[in-house]
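Trainee: quick one: sequence plus predicted model below, questions after.
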Amino acid sequence: MVTRLFGPEKDVRTRTYRINAWSFLAIVIFVVLASYSREGTAICVRDDSGQTVCLPAPAKRIVTLSPGATELMFSAGAGDQIVAVVAYSDYPPAALELPSVGTNTRIDMEALLALKPDLVITWVTGNPPAQVELLQELGLPLFAIEPRTFEGVSSAIERLSALAGTETEGFAEAERFRAGISELSEQYRDAEAIPVFYQVWAQPLMTINNDHLIGKVLQLCGGMNVFGGMPRLVPRISAEVVLQANPHAIITASVDGVSDDQLDLWKSYSGLSAVKRNNLFFVPASSISRPTPRLLEATRLICEKLDVARERL
């Protein structure tokens with residue numbers, strides 16, 4: 001009797017144990033799969049500061065903290081997902097309609113936080129480190145950009161489009177820029193080298209070295225940057241060293257590329273090769289100074305300016 005009772009009770013306990021074991025295993029498998037699913041659908045991209053940024057889903061509320069970042073987001077096909085920009089975000093025209101959260105050097109934190117962004121695009125060397133650190137401490141997803149090469153521009157567009165879920169538009173635009181630069185590079189591969197001075201600012205007098213993206217534009221066009229070997233990205237120099245370098249062309253940026261008084265200083269030095277040959281050139285400021293697809297237009301224009309300078313040699 002006891003045996004009969006013990007036998008079925010043992011079977012019940014065994015079956016219960018097995019059911020509980022399978023239930024536990026099922027829960028473990030579910031948790032693992034759920035974790036893997038979240039990990040698998042997360043969007044992870046490395047930014048230009050070397051940090052990997054992961055989003056659980058494509059960003060829908062984006063704030064850009066530089067005019068270049070604004071333009072790049074539009075290029076990536078995510079203009080409709082931008083909820084705020086900073087001052088001087090003037091391209092494309094639609095950017096002018098967006099609310100501002102200050103300037104790239106003075107961000108209105110209260111206004112930015114009130115927008116509840118799910119992604120903030122920062123500028124590596126253009127935003128104050130203290131404000132960027134505060135945004136990090138507040139837990140906002142930050143993606144830092146600062147392309148230093150032509151490929152870096154294409155890559156930035158592709159990475160931003162991945163974060164915004166607009167890969168179709170972004171990758172197409174990145175490839176268009178890549179192909180255009182490649183075509184110009186081939187066209188000017190054997191161009192006669194010509195000494196060039198690029199003037200960033202007149203007072204104080206500033207230029208760029210070959211590590212700067214503008215320096216790479218000059219090189220692509222066959223220009224020999226007379227200050228390309230300087231250690232600083234944007235060094236301050238004196239008029240005397242420019243005269244010693246004796247460039248055959250001087251280029252600077254202005255609003256819409258219209259001639260102004262920025263290069264008047266050099267006109268008094270009639271012996272300077274660039275002055276003697278009237279090789280004082282202007283290019284549009286926003287397209288040459290921002291690492292965006294419009295850099296292709298600016299590069300083409302600088303190549304044409306240097307062609308004119310070669311003809312005048």
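Mentor: Looks like it arrived, so ask away.
Trainee: continuing past the least confident helix or strand in the chain by mean pLDDT, what's the next helix or strand?
Mentor: Taking mean pLDDT, DSSP states H and E as the measure, the helix or strand of the chain with the lowest value is helix 2-41, at a mean of 38. Moving toward the C-terminus from helix 2-41, the first helix or strand encountered (DSSP states H and E) is strand 43-46.
Trainee: and the contacts of stretch 221-240?
Mentor: Outside stretch 221-240, the residues within contact range by C-beta atoms under 8 Å, 6 or more residues apart in numbering are 184, 188, 191-198, 200, 204-212, 215, 218-219, 241-242, 245, 247, 249, 265, 299, 302-303, 306. Quick note: C-beta positions are derived from backbone N, CA and C, even for glycine.
Trainee: buried members of those residues into PyMOL, please.
Mentor: This is the PyMOL syntax for the buried subset of the contacts of stretch 221-240, where burial follows 16 or more other C-beta atoms under 10 Å:
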select buried, resi 184+188+194+195+196+197+198+200+205+206+207+208+209+210+212+215+218+219+242+245+247+249+299+302+303+306
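Trainee: from the contacts of stretch 221-240, which land in helices?
Mentor: Among the contacts of stretch 221-240, the subset assigned to helices under DSSP state H consists of Leu184, Gly215, Leu218, Gln219, Val241, Val242, Ala245, Leu265, Thr299, Ile302, Cys303, Leu306.
Trainee: same list (the residues you listed) but as CSV, adding pLDDT and distance to Ala114.
Mentor: Below are these laid out as CSV (pLDDT from 0 to 100; distance: C-beta to C-beta, whole Å):
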residue, pLDDT, distance to Ala114
Leu184, 98, 44
Gly215, 97, 40
Leu218, 98, 43
Gln219, 98, 45
Val241, 97, 49
Val242, 97, 48
Ala245, 97, 51
Leu265, 93, 46
Thr299, 98, 39
Ile302, 98, 42
Cys303, 98, 45
Leu306, 98, 48
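Trainee: looking at these, spot the one nearest Glu133.
Mentor: Closest to Glu133 out of those is Gly215 (30.0 Å), distances taken as C-beta to C-beta.
Trainee: pretty sure the closest one sits against Phe197.
Mentor: No - using C-beta atoms under 8 Å, Gly215 makes no contact with Phe197, being 11.6 Å away.
Trainee: what about this protein, any weak spots by pLDDT?
Mentor: Where the chain drops to pLDDT under 70, the residues are 1-40.
Trainee: those strands in it, which residues are they?
Mentor: Along the chain, the stretches classed as strands by DSSP state E are 43-46, 52-55, 62-64, 82-84, 119-123, 142-145, 194-199, 223-225, 249-254, 280-284.
Trainee: who does the fifth one pair up with?
Mentor: Strands adjacent to strand 119-123 in the sheet, as given by DSSP bridges, are strand 62-64 (parallel), strand 142-145 (parallel).
Trainee: what does it contact?
Mentor: The set of residues external to strand 119-123 that reach it, using C-beta under 8 Å, 6+ apart, is 55, 59, 61-66, 68-69, 72-73, 104, 112, 132, 135, 140-146, 160, 163-164.
Trainee: list only buried entries from those.
Mentor: Judged by 16+ other C-beta under 10 Å, buried ones among the contacts of strand 119-123: 55, 59, 62-66, 68-69, 72-73, 104, 112, 132, 135, 140-146, 160, 163-164.
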